[in-house]
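Okay, predicted coordinates and the sequence, questions at the end:
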Amino acid sequence: MKRFITIFLFLITGFCFAQNADTDIQLYNEVCQSFENGFYPGTVSAAEKLQKSFPDSTLIQSALIYKGESLVYMESFDEAVTALESALVQMHSGSSEIIHCNYLLGIAFYNQKKYSAALDKLHFVCSLSLKQKDMRYYADSILYSGRAFYELEKHKDAIPLFEYVVSNGNSFDSAEYSEALQKLFICYNKTGNPSKTVALFKKLSENDFENAVYMKLCFYYGDACAALKNNKDAYEAYSRVLAGGDEAAAIANDFLIRLAIDEFKAKNYEKTEEYLSKIEINEENENTDLKLFKNLYEAKLLLEKGNPAEAEKKLSGLESAAKKSVADGAADAYYSTLLQCKLQNEKWEEIPGVYGKIKTPAASDKFAVSSYYYKKGQFEKVDSSCGELYASALCKLGRYSEACSEYAKQNSVSFDYALALFRTGRYDQAVKIADAGSAGEKEYLAGLCFINLKKWNNASERFAAYIRQNSNRTDFKKLSLYYKGYAEYNQAEFKNAYSSFVRYCLETQDEPGPYLLRGYEYAVKSALQSGDFKNASVQAANLVRYSQDGEQKQKAVVLSAEIFADYGDYDAAIQLLAPYTNGRDEFAAQSLFMTAKLYERQGKISQADEGFRRIYEGLPRSSYAEESMYRVGEVYYSAGDYSQAYSRFNKYVYKYASGRFSDAAMFYCADCALRLGENDRCVMLNKTLLQKWPASIYAYGANKNLLEAYYKQEEYSQALSVARIMLRDFAQQAADDEIGKRAKELEKIVSGTDRRVAEKETEFNKLGGAGTAAGRNAGTELVRLYAESLSTQNEAYELAVKLLARQTGSEERAAAAYNAEFIAEYSRKKGENKKAAEMYLKAAEYYRSVKDSSGAAAALYGAAEAFAADGLKGDARETAALLKELYPKSIQAERVDRVTGDARN
């Protein structure tokens, strides 16, 4: 009743105080008062209210520490860690509370069983305490550090810490001192220092300890004596414990169960069984925990012996005791053992339910439930702590790179690891891992790796080894025969390859699939390569035979015919296609088309003509009809029969005015006319081509033929104009064909000095030369005339430079554009590409200002070409991009990618 009244008064006080909590100081005082009164929920509440109401208060840091410490006392360790870490974030390095805060964090982590994290904090506390000579939390930090190392089974590290506690007993209460002393004895014994246990025990006085504690110390002393082979002293110590009556017997049982547990953890199962057998349980005065742990570890032993069914029976009826047990982790230990029974007994559906009852799952528990998820195909739920099982789940999810990393962490040599490496293309490493293991399929996997590495000899040897070792097994991978043949084929071992492919096909004829057809395909190729045309024909027939009717069979026929053709056996290819040329469908057209091309390769022109004609006359709607009409012209052209070629090409031009091959047909038609001496017709056809398809790939050839036709007609001025167009628009090709020399020849033929040049020079000087706008306009016209002759290019250049420097008015921009473009062209010819590019850009700017899109596009094209020639690819691409952006429909925009090297074939 008093306790209720006290709590009620605290609540009333807190409520009344909260009503007046108008400042952060008042709220902070409430935090402190609640803590000092031991009212920890009130401390937490007040601290949270302070934090919410005054987030920028300087008192929050201290309030958070009070909150954290209260939560530690309330055993709400997760919330305590959050509060204390928040306090540390706000705390400067020289804060007086930093030791206290880290100490509390260490305690919280310890109670969370995060022993490594606890040790980090406690070590920091000890170091800073010594440095600042603030020893308030030093001793407790030493004790908790020892406890943490003990829980981690790092007994050697725990020894000096427990020794400190024992040496400074006045700093600890009796329970802490007794605990440290017992654990120190255990650590000595476990680290091979039993003599230290003996020495320290002999210094102890029995009167200084409670009987139960002293009996435990006596027991550990007996263990130490036994380890030192002092059997007499050990016997006396154990007898002393057992002579202590019921209480001592209970202590002995307690020791025996602990020893059994320790030995089990150390995997000393015979010793574990020995200790368990010595435990006597008094059914009348039943120790429930003792019975629980005895049966629990007997079940664990049965699991280790591979008897999970008996282990599960041993656990029967213990669940209630496990739930009621006050022993730390008793319930988890029970459910964890039961979980392993369910796993080994393959009671998959019961696993999630048992796992769900474990509060703090251990690694083995996570593995068990992950095995369930793996079994059910829920691979994404497999825990990342499960080593190779997790790696295998990653493989199932297609995350092979992550799986490889996980396998590597486990130092795995499993076949699954090798498969994952194979999937990620790490073939060399996959071979190493496969060879390190003993999997029956390692030779097969190694062979696949070597295939991908194109190490054909290694591949054929590995597949041969796999076949030799496994061909009689029911799970034999028949594809090994195919891959062996493939490796042999690539080593030019064609006879061996033929045998391997034929064996593969014979063994898989009842299992038709893509590899069967590929097998026959390579069998045909192998036979042909070794000159065995008879067997090649047999396997080609099989390739067609085992293909399914319809598209697959058609592909097989085409492929076989192509194989025969590739090896020069045209008659066999024609014979194979013959049955399919009489139809009315698309495949008949394809078969005829291939047959006609085969006749062409044989030089049988009339048969090729007939084959193509049967397509475009008999199957005019076929997709091969148009090309067939064009190809027949090519057949005669290649044979040098230009009259027949002209007739066929001309027929195509009239049939397909805008067909796929129209520009090509017109070009070859014109070329045939030129070769036949029909120059007028050649001129007409080439002009038509250039007008209709100015960007055609045949444009240069058309200009070249046009120049030749004009030349033959003695129309030299026209020929010279064409030559200049070629030099301007096709500079590289024209240079390769020495069109420049041809142009000079034509200039000499046409005339010496042009009359227009003299007249324009007079006009230029009369109008004031470069000093007046009128003079500059006349001068620009004079530049044009100079530019027409190669002999006056320097004069044109010098005058253009002089004029451009003064053409600054808006009315002179068109003239300035021309002069700038000419200077650019001249610089280009001189190899001054960067200067040329800059002048082209200036010309483009002037052309744009007078809305001359054609001139601007040509100038931008010239700039891109000049940049490219100077190796400034970035500038060239930038200029090309600008050209395509401003004038996307221009011819120059269509061609500029060829200059930058970005053109697609």
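Received, thanks.

does residue 56 sit in a helix, a strand or a coil?
Of the three states, residue 56 takes coil according to DSSP: H, G, I helix; E, B strand; the rest coil.

Tell me the confidence at it?
With respect to pLDDT, residue 56 scores 82.

and what of residue 136?
For residue 136, the model assigns a pLDDT of 90.

By mean pLDDT, which helix or strand of this structure comes out lowest?
Lowest by mean pLDDT, DSSP states H and E among the helices and strands of the chain is helix 2-19, with a mean of 40.

Could you look up the next helix or strand downstream of that one?
helix 24-36 (DSSP states H and E).

Return the residues in contact with residue 279.
By C-beta atoms under 8 Å, 6 or more residues apart in numbering, residue 279 lies in contact with 253, 256, 257, 260, 290, 294. In this view, the C-beta of every residue, glycine as well, is placed from N, C-alpha and C.

From those, pick the one nearest residue 141.
If you rank the contacts of residue 279 by distance to residue 141 using C-beta to C-beta, residue 257 comes first, at 31.2 Å.

Surely that closest one and residue 292 touch.
No - with contact defined as C-beta atoms under 8 Å, residue 257 and residue 292 do not form a contacting pair (9.7 Å).

Touching both of those two, which residues are there?
Common neighbours of residue 257 and residue 292 (criterion: C-beta under 8 Å, 6+ apart): none identified.

How about the backbone phi and psi for residue 153?
Per-residue torsions, residue 153: phi 60, psi 30 (degrees, to the nearest 10).

Can you get me a residue count around the residue nearest to it when sequence neighbours are not counted?
Distances taken as C-beta to C-beta, 6 or more residues apart in numbering put residue 265 closest to residue 153, at 7.8 Å, once the chain neighbours are dropped. Look at residue 265: counted by other C-beta atoms under 10 Å, it has 10 neighbours.

any idea how far residue 323 is from residue 265?
24 Å (C-beta to C-beta, to the nearest Å).

Got phi/psi on residue 770?
Backbone torsions of residue 770, given as degrees, to the nearest 10, read phi -80, psi 0.

Just give the number of residues close to it.
A count of nearby residues for residue 770, using other C-beta under 10 Å, gives 17.

Begin at 111, not 1, for the rest of this chat.
From this message on, residue numbering opens at 111, which makes the last subject residue 880.

list the contacts for it?
Counting by C-beta under 8 Å, 6+ apart, residue 880 makes contact with 886, 889, 912, 913, 916.

Out of the residues you listed, the closest to residue 321 would be?
Comparing those against residue 321 with C-beta to C-beta places residue 916 closest, at 120.6 Å.

Work out for me the element the closest one sits within.
Going by DSSP H and E, residue 916 is not in any helix or strand.

Give me the distance from stretch 280-287 to the chain's centre.
58 Å (C-alpha atoms, centre = their mean, to the nearest Å).

So for it, mean pLDDT?
On average, stretch 280-287 scores 90.

Which members of the contacts of residue 389 occur in strands, if any?
Assigned to strands by DSSP state E, none of these qualify.

Let me know whether residue 687 touches residue 671 as I believe.
Yes - between residue 687 and residue 671 there is a contact under C-beta under 8 Å: 5.3 Å.

shared neighbours of these two, anything?
Common neighbours of residue 687 and residue 671 (C-beta under 8 Å, 6+ apart) are 704, 708.

can you map out the helices along the stretch 361-510 of the chain?
379-388, 398-414, 418-424, 429-434, 440-454, 461-465, 473-485, 498-506, 510-519 (DSSP state H, counting those that start in this stretch).

cool, and the stretch 511-660 of the chain?
For the stretch 511-660 of the chain, the helices defined by DSSP H, counting those that start in this stretch cover 525-533, 537-546, 552-562, 566-580, 589-600, 604-617, 624-639, 643-655.

residues near residue 238, how many?
When counting by other C-beta under 10 Å, one arrives at 16 neighbours for residue 238.

Could you give the backbone dihedrals for residue 184?
Given degrees, to the nearest 10, the pair of backbone angles that residue 184 has is phi -90, psi 0.

what about the residue lying farthest from the centre of the chain, distance to residue 926?
Largest separation from the mean C-alpha position in the chain: residue 876, at 76.3 Å (C-alpha atoms, centre = their mean). Going from residue 876 to residue 926 by C-beta to C-beta gives 22 Å.

Now the element after the one helix or strand residue 193 maps to, going C-ward?
Taking DSSP H and E as the criterion, residue 193 maps to helix 187-200. Proceeding N to C from helix 187-200, the next assigned helix or strand is helix 208-221, under DSSP H and E.

what's the angle from that next one to helix 187-200?
Using axes from the mean of the first three to the mean of the last three C-alpha atoms, to 10 degrees, the inter-axis angle of helix 208-221 relative to helix 187-200 is 150 degrees.

How about residues contacting the next helix or strand after helix 208-221?
Using DSSP H and E, the helix or strand that follows helix 208-221 in sequence is helix 225-242. The contact list for helix 225-242 (C-beta under 8 Å, 6+ apart) reads 208-209, 212-213, 215-217, 219-220, 244-248, 251-252, 254-255, 258-259, 261-262.

Can you show me the CA trace of the helix or strand just after helix 225-242 as PDB?
Next in sequence after helix 225-242, counting helices and strands by DSSP H and E, comes helix 248-261. Output of helix 248-261 as PDB, limited to C-alpha atoms (Å, rounded to 0.1, in the frame of the first residue of the first chain):
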ATOM      1  CA  TYR A 248      37.100   2.200 -13.800                       C
ATOM      2  CA  ALA A 249      36.600  -0.800 -11.500                       C
ATOM      3  CA  ASP A 250      33.100  -1.700 -12.800                       C
ATOM      4  CA  SER A 251      34.400  -1.400 -16.400                       C
ATOM      5  CA  ILE A 252      37.200  -3.800 -15.600                       C
ATOM      6  CA  LEU A 253      34.600  -6.300 -14.200                       C
ATOM      7  CA  TYR A 254      32.300  -6.100 -17.100                       C
ATOM      8  CA  SER A 255      35.200  -6.400 -19.600                       C
ATOM      9  CA  GLY A 256      36.200  -9.600 -17.900                       C
ATOM     10  CA  ARG A 257      32.600 -10.800 -18.000                       C
ATOM     11  CA  ALA A 258      32.400 -10.000 -21.800                       C
ATOM     12  CA  PHE A 259      35.700 -11.800 -22.600                       C
ATOM     13  CA  TYR A 260      34.400 -14.800 -20.500                       C
ATOM     14  CA  GLU A 261      31.100 -14.900 -22.500                       C
END
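
Can you name every helix or strand that the helix or strand just after helix 248-261 contacts?
Heading C-terminal from helix 248-261, the first helix or strand you meet, by DSSP H and E, is helix 265-277. If you count contacts as 3 or more C-beta pairs under 8 Å, 6 or more residues apart in numbering; DSSP states H and E, helix 265-277 packs onto helix 248-261, helix 284-300.

For the stretch 211-360 of the chain, which residues score under the pLDDT cut-off?
By pLDDT under 70, the low-scoring segments of the stretch 211-360 of the chain are 341, 345, 352-360.

pLDDT weak spots in the stretch 461-610 of the chain?
Applying pLDDT under 70 to the stretch 461-610 of the chain picks out no residues at all.

Pull out the buried residues from the helix holding residue 193.
For helix 187-200, the neighbour count (16 or more other C-beta atoms under 10 Å) marks 187, 189, 190, 191, 192, 193, 194, 196, 197, 198 as buried.
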